[in-house]
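Asks: let's see this in three dimensions:
(one chain, ligands or ions: 1)
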Amino acid sequence: MLDLLVPVVLAVFSSCALYYLAYCPRVRPPGPRGLPIVGNAFQMPRGHEWLRYAQWGAQYGPLVYLRLFTQDVYVVNSPHVASEILDKHSSKSADRPRAQLMVGELIGWNKGVAFAPASPRHREYRKLLSTSLNTNAARRLSPLQQSSALDLLKALLDSPHELRDHIRSSIGNNTVNIVFGEQISTPDFDYIALADDAHYKFALAATPYRYAVDFFPMLKYLPYWFPGATFKRQARQWKAELEHLVSTPYNTVKERVARGVASPSYVTNCIGDASADKLAIAKDQAIMWTAASLYTGGSDTTIAGILSFFLAMTLYPDIQRKGREEIHSKISTERLPTLDDKPSLPYIDAMVKEVLRWNSIAPLGLAHRTTDTIIYKDYEIPPGSTIITNVWGMMHDESVYKDPFTFKPERFLGPTPEHDPTTVAFGFGRRVCPGSHLALQSLFINIALVLATMVIEPDGEKPDVKYTSGVISQPEPFKCRIRPYSEAAKELILRGSE
Ligand code: HEM
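Replies: Prediction:
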């Protein structure tokens with residue numbers, strides 16, 4: 001009898017354990033207590049969400065659980081946890097939350113790289129992007145970035161008060177040159193103006209709770225003429241505008257490739273040796289949509305970074321002076337710095353990092369969606385969950401960055417530098433920003449050229465540090481005075497731009 005007891009007890013015990021493991025929901029990470037049915041829907045912040053997420057992070061820990069009706073949402077407030085979930089389980093976390101119906105499906109933004117679902121199409125996109133934007137490829141594009149930074153200096157000599165417009169046009173033109181090889185602008189088609197308009201409409205259409213169709217998907221079947229179906233007519237018009245914006249420059253470059261007169265660019269590089277009119281449809285579409293996505297992903301982000309740098313320099317004259325002294329002592333005042341000088345300019349390199357950290361350009365990155373169960377510690381993250389990375393929160397965690405609201409490049413120098421923000425600012429896993437090398441180069445070149453030749457000062461009172469809300473956050477309008485550092489510096493700019 002006793003012989004039987006031990007195996008029976010063991011069998012019962014292990015069955016219970018197996019049942020528990022298989023069927024009992026694992027513990028969820030802590031988070032604010034929600035209401036029945038709606039969960040945390042009414043506690044969700046509207047605007048500058050990263051501040052509330054960081055507060056929840058301080059209260060509940062690096063992984064916070066929220067429920068919006070039936071949607072599981074995990075907010076990650078630590079680089080380590082983000083990497084454990086999104087880098088280590090990259091194949092299970094590479095999807096995007098289904099874009100709201102209006103902006104994604106009806107207008108068509110889900111064909112762009114950033115909002116495309118994880119799929120063979122998205123993998124094809126990433127293959128094209130990594131071939132053309134990897135470290136070596138990006139390095140070859142630095143002369144174009146140098147020349148657009150010089151355009152910015154020249155424009156600032158002429159009209160320093162138009163700082164924002166000058167940065168926008170220098171970065172916009174540069175991105176178009178990199179992607180299409182030349183400006184695509186005719187009296188009827190101004191690419192940059194049309195792209196900016198499309199981004200504005202994207203932001204309107206993506207505003208949460210704006211369109212009833214996002215909650216009641218059946219509404220998408222309403223006929224266009226139906227009373228009250230204004231959203232359908234609006235979506236049809238915006239979709240046509242988006243497709244025109246995406247296809248016109250691409251077809252222009254393709255036609256130039258066919259005539260053998262295209263300038264080198266991302267698009268010509270992707271088309272490669274294939275005869276431009278014989279590309280497989282899937283590849284043709286992939287080149288067209290990745291090209292458009294480079295402008296969308298690369299323009300406003302880089303502009304926000306350069307504006308942040310100008311704001312920081314207005315507020316921190318000593319840091320500005322130190323940066324300029326490094327350039328003048330290591331490179332001289334006789335020539336302008338280039339990307340090749342990076343190894344001799346560690347302080348400028350640290351400034352680039354601090355620009356990325358001080359006020360995060362993409363404070364919440366872009367949300368991921370899981371497609372399979374992910375186990376992290378005791379927690380089970382089910383498929384279909386939304387993962388939000390609170391990049392701003394990670395960059396302002398006092399246990400990682402001492403005095404996080406102060407602009408202090410020194411934190412990245414010396415024997416014990418603080419955590420490198422470039423590992424966080426560009427996102428995680430299979431969705432990590434494909435333009436990060438280009439972005440870092442652009443920030444370095446612009447910062448080095450401005451510091452070598454210009455002085456930035458407050459215009460009256462020191463400005464407040466106020467940033468816009470949204471996917472990309474940039475300084476709100478602020479006043480500063482910009483003047484050449486010396487007559488020689490002015491000469492250098494004018495000579496350099498001849
Ligand atoms: C300082 C400037 C930039 C910052 C801070 C930035 C940041 C980011 C972040 C956080 C993501 C989302 C990553 C994720 O989902 O985990 C992203 C995605 C993306 N970025 Fe950037 N970015 C910058 C510049 C650029 C540039 C210059 C380009 C192209 C020329 C670019 C193209 C893209 C694209 C296409 C995606 C979508 C990737 C995908 O979903 O697969 N970005 N970026």
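Asks: which residues touch the closest residue to residue 233 other than its chain neighbours?
Replies: When the adjacent residues along the chain are set aside, residue 233 lies closest to residue 224, with 5.6 Å between them (C-beta to C-beta, 6 or more residues apart in numbering). Any C-beta I mention is one placed from the backbone N, CA and C, and that applies to glycine too. For residue 224, the contacting residues are 232, 233, 236, by C-beta atoms under 8 Å, 6 or more residues apart in numbering.
Asks: residues near residue 304, how many?
Replies: A count of neighbours around residue 304, defined by other C-beta atoms under 10 Å, yields 24.
Asks: again with residue 39
Replies: As a measure of burial, residue 39 has 22 neighbours, counting by other C-beta under 10 Å.
Asks: pull the contacting residues for it.
Replies: Taking C-beta under 8 Å, 6+ apart, one finds 66, 67, 68, 69 in contact with residue 39.
Asks: for the ligand, see how far away residue 231 is.
Replies: As for residue 231, its distance to the ligand is 26 Å (criterion: C-beta to the nearest ligand atom, to the nearest Å).
Asks: list the contacts of that residue.
Replies: Counted by C-beta under 8 Å, 6+ apart, residue 231 has contacts 102, 106, 211, 212, 213, 219.
Asks: tell me the SS of it?
Replies: helix (DSSP: H, G, I helix; E, B strand; the rest coil).
Asks: now do it, the pLDDT please.
Replies: pLDDT, residue 231: 93.
Asks: ok, the one 3 residues further on next?
Replies: Among the per-residue scores, residue 234 holds a pLDDT of 94.
Asks: can you tell me how far the residue nearest the centre of the chain sits from residue 472?
Replies: Computing the C-alpha centroid of the chain and ranking residues by C-alpha atoms, centre = their mean puts residue 362 first, at 5.2 Å. Distance, residue 362 to residue 472, by C-beta to C-beta, to the nearest Å: 6 Å.
Asks: is any part of the longest helix seen in the chain close to the ligand?
Replies: Taking DSSP state H as the criterion, the chain has its longest helix at helix 281-315. Yes. Interface with the ligand: helix 281-315 contributes 293, 294, 297, 298, 301, 302, 305 (C-beta under 6 Å from any ligand atom).
Asks: so which pair among these is furthest apart in space?
Replies: Within these, two members stand farthest from each other by C-beta to C-beta: 293 and 305, at 18.5 Å.
Asks: thought residue 84 was touching residue 376?
Replies: Yes. Contact criterion C-beta atoms under 8 Å: residue 84 and residue 376 qualify, at 5.9 Å.
Asks: which helices and strands sit right next to whichever strand or helix holds residue 137?
Replies: Taking DSSP states H and E as the definition, residue 137 sits inside helix 135-140. If you count contacts as 3 or more C-beta pairs under 8 Å, 6 or more residues apart in numbering; DSSP states H and E, helix 135-140 packs onto helix 436-453.
Asks: the helix it packs on: how far from the chain's middle?
Replies: On the basis of C-alpha atoms, centre = their mean, to the nearest Å, helix 436-453 sits 17 Å off its chain's mean C-alpha point.
Asks: quick check: next helix or strand after that helix?
Replies: Next along from helix 436-453, by DSSP H and E: strand 454-458.
Asks: between helix 436-453 and that following strand, find me the angle.
Replies: 90 degrees (axes from the mean of the first three to the mean of the last three C-alpha atoms, to 10 degrees).
Asks: so stretch 242-252, near the ligand or not?
Replies: No. Stretch 242-252 stays clear of the ligand (C-beta under 6 Å from any ligand atom), getting no nearer than 13.4 Å.
Asks: just the residues contacting that stretch, thanks.
Replies: Residues contacting stretch 242-252 (C-beta under 8 Å, 6+ apart): 107-109, 176, 179-180, 184, 189, 191, 194-195, 198, 267, 287-289, 291-292.
Asks: get me the contact residues on the protein for the ligand.
Replies: 113-114, 126, 293-294, 297-298, 301-302, 305, 361-362, 365-366, 425-428, 431-435, 438-439.
Asks: PyMOL command for the buried members of the residues you listed?
Replies: In PyMOL, a selection of the buried entries from those looks like this (16 or more other C-beta atoms under 10 Å):
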select buried, resi 113+114+126+293+294+297+298+301+302+305+361+362+365+366+425+426+427+428+431+433+434+435+438+439
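Asks: hang on, the earlier thing: now the longest helix of the chain: buried residues?
Replies: Those would be 284-315, for helix 281-315 by 16+ other C-beta under 10 Å.
Asks: buried ones in the helix or strand following that helix, by neighbour count?
Replies: Counting by DSSP H and E, the next helix or strand C-terminal to helix 281-315 is helix 317-331. Residues 319, 320, 322, 323, 324, 326, 327, 328, 331 are the ones in helix 317-331 that count as buried (16+ other C-beta under 10 Å).
Asks: looking at it, the last one is touching residue 341, isn't it?
Replies: Same thing as residue 331. Yes. Residue 331 is within contact range of residue 341, at 5.6 Å (criterion: C-beta under 8 Å).
Asks: hmm, who's touching the helix holding residue 137?
Replies: 131, 269, 339, 437, 438, 441.
Asks: my guess is the second one contacts residue 132. True?
Replies: Just to be clear, that refers to residue 269. Yes. Using C-beta under 8 Å, residue 269 is in contact with residue 132, at 5.1 Å.
Asks: where does the prediction get shaky in the chain?
Replies: 1-26, 208-209, 273-278, 497-498 (pLDDT under 70).
Asks: quick check: angle from the longest helix of the chain to helix 317-331?
Replies: Using the same axes, to 10 degrees: helix 281-315 against helix 317-331 is 110 degrees.
Asks: who's in contact with the closest residue to residue 407 other than its chain neighbours?
Replies: Setting aside the residues directly before and after it, residue 407 is nearest to residue 312 in space (C-beta to C-beta, 6+ apart), at 4.5 Å. Applying C-beta under 8 Å, 6+ apart, we find residue 312 in contact with 319, 354, 355, 358, 407.
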